[in-house]
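> Predicted model follows, preceded by the sequence.
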Amino acid sequence: MPPSLKPVKRPMALGELVYTSLQSHLRSGAIAAGQPLQEVQLAESLGVSRTPVREAMMRLASEGQLHAHGRSFVVPELSLADVDYIYEVRFLIEPAALRGIAAAAADPRVRAPVDAALADAVAAHKALDAAAFRQAAARFRAAWLALVPNPRLVRVIEQYSDHMQHIRAMTLGDPKVRAIVLKGLKQVAAATFFTNTSPDGANHFWTDLEMFTNNSDPDPTSYLDGWTTKQIAQKSNGWQLGNYNRYSDPTFDGYVDQLRKETDPAKRADLIKKANDNLILNVVIIPIVTRTQVTSGISSTIKGNTPTGWDSEMYNIADWYK
C-alpha cells in the first residue's frame, strides 16, 4: 500500500444528520410538548426516507427527549415532580464538572467563549429580547461544557439539560424568570474565582484589593481565627487555609488565643470587639454588606425566636413555641 495514502473523511451519516436536526428543534423549543411527530411528515419535510427518521426518534426516545405515543412520538410534558428529579440529578453532576474545569477556565483565552455568551445574555436581558437571551444561555452552556474533558459526563449533562428545553422555551419569555437564570449564569462564571484549583482563586489574593463573601459561625472564635498568622493561605499548604490576605499581627493572634481559653461572657465579648476593631482599623477588611440571614418572615404567633447574625435563621428552633 502506498505510504502517502491517508484515510478519507466520511460525511456525517444520514441518521446522525436527522438526529441532530430534530435535537436542534427540540432544544430551541420549536416543537411543543405534546405535539405528535410522525415519520411520514418528518421524512417529507427533511427530504429523507422514513428509516433515518425512525432511528433518530427512537434514539431521542431512549434519551428521554421523546415518548412513544401510539404510532408517533411526542415531546413529554414534565410534571413538577419530573422537574425536581431532573434538577436533583443535575445538582449531583454539574458542580463536579465545573470543579474539573476551574483551572483551565482561569485562562482568559480559554474562558473567552463563556464570557462572550454571558455578555450576550446580559445585553439580551436588558433589551428584553427573550429569543436572543435563550440563544445566549444555550451558547453559555455549550461553551463551558466544551471545557469538560470527560465526554461521558458531558453527554449525561446534555441529556438532562435537554429534558428542560421546552420548559425554558415556555418560561424565558418572562423577564423575572430571565433575571433568575441570568443570576445563575453569573454565579457559574464566577465560580472559578472561589476555588483553590484556579490560579485566579480568591485565596491566592494576587491583587491589592479583593472582594469576596464569607460566612459567620455560631461562635465567632473560629471565624476570627481565619485571620491569624497560622491560617495564612500559601503554596506550602495548597492555598487551603482561610487567611486569604495573609494578614499577620501578633496582637491580633493574642486576642484570638485568649478568646479560645476565656469562658467569661463579658471578657469574651471584649476580646471579640478588640479583635474585630484590629481588623477594621488596620484596613485588613472593609465590610461592605452584612449578611445576617434574618430575611424570612415569621408568624407573630411564634415565640422564642431570637434572630442572630452568627447562625442560621432556625438555629434555636427547638425553643420555638406558640
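Here it is on my side, so go on.
> Could you check the pLDDT of residue 208?
On the pLDDT scale, residue 208 is placed at 76.
> Same check on residue 164?
74.
> what does the one 10 residues further on give?
Residue 174 is assigned a pLDDT of 86 by the prediction.
> same question, the one 5 residues further on
Residue-level confidence at residue 179 comes out at 89, pLDDT.
> Does it lie in a helix or a strand, and which?
Secondary structure assignment for residue 179, by DSSP states H and E: helix 175-190.
> For that helix, could you pull out the residues that count as buried?
In terms of neighbour count (16 or more other C-beta atoms under 10 Å), helix 175-190 has its buried residues at 178, 181, 182, 185, 188, 189. C-betas here are computed from N, CA, C, even on glycine.
> What's the mean pLDDT across the lengthiest helix in the chain?
Counting residues, the longest helix found in the chain (DSSP state H) is helix 80-105. For helix 80-105, mean pLDDT is 81.
> Show me what it is packed up against.
Applying 3 or more C-beta pairs under 8 Å, 6 or more residues apart in numbering; DSSP states H and E, we find helix 80-105 packed against helix 108-126, helix 130-145, helix 151-162.
> Determine how far that helix lies from the middle of the whole chain.
Averaging C-alpha positions (C-alpha atoms, centre = their mean, to the nearest Å) puts helix 80-105 7 Å from its chain's average.
> tell me the angle of it relative to helix 151-162?
Per axes from the mean of the first three to the mean of the last three C-alpha atoms, to 10 degrees, the angle that helix 80-105 makes with helix 151-162 is 140 degrees.
> What lies in contact with stretch 258-267?
221, 224, 268, 271, 272, 275 (C-beta atoms under 8 Å, 6 or more residues apart in numbering).
> And the helix-or-strand element of the chain with minimal mean pLDDT, what's buried?
Using mean pLDDT, DSSP states H and E, helix 165-171 stands out as the lowest-scoring helix or strand of the chain, at a mean of 72. The neighbour-count check on helix 165-171 (16+ other C-beta under 10 Å) flags 165, 166, 167, 168, 169, 171 as buried.
> list the contacts for residue 25?
Counting by C-beta under 8 Å, 6+ apart, residue 25 has contacts residue 31.
> and the angle from the host helix or strand of it to helix 151-162?
Assessed by DSSP H and E, residue 25 sits inside helix 14-28. Angle, helix 14-28 to helix 151-162, by the same axes, to 10 degrees: 50 degrees.
> outside of the next helix or strand after helix 14-28, which residues touch it?
Sequence order places strand 36-37 as the next helix or strand after helix 14-28, per DSSP H and E. Applying C-beta under 8 Å, 6+ apart, the contact partners of strand 36-37 are 22, 31, 57, 66, 69, 72, 73, 74, 75.
> Flag the shaky bits of this structure, pLDDT-wise.
Applying pLDDT under 70 to the chain flags the ranges 1-12, 28-29, 106, 166, 190-202, 211-218, 289-297, 308-312.
> tell me the contacts of the spatially most central residue of it?
Centroid-nearest residue in the chain: residue 188, 4.2 Å away (criterion: C-alpha atoms, centre = their mean). Shown in contact with residue 188 (C-beta under 8 Å, 6+ apart): 98, 140, 144.
> nearest to residue 153, of these?
When the contacts of residue 188 are ranked by distance to residue 153 (C-beta to C-beta), residue 98 comes first, at 10.9 Å.
> Can you give the distance of the helix holding residue 179 from its chain's centre?
Distance, centroid of helix 175-190 to centroid of chain: 9 Å (C-alpha atoms, centre = their mean).
> Would you mind identifying the next helix or strand past it?
helix 220-225.
> List the buried residues for that following helix?
Buried, per 16+ other C-beta under 10 Å, within helix 220-225: 220, 221, 223, 224, 225.
> go on, stretch 242-251?
Judged by neighbour count using 16+ other C-beta under 10 Å, the buried positions of stretch 242-251 are 243, 244, 245, 247.
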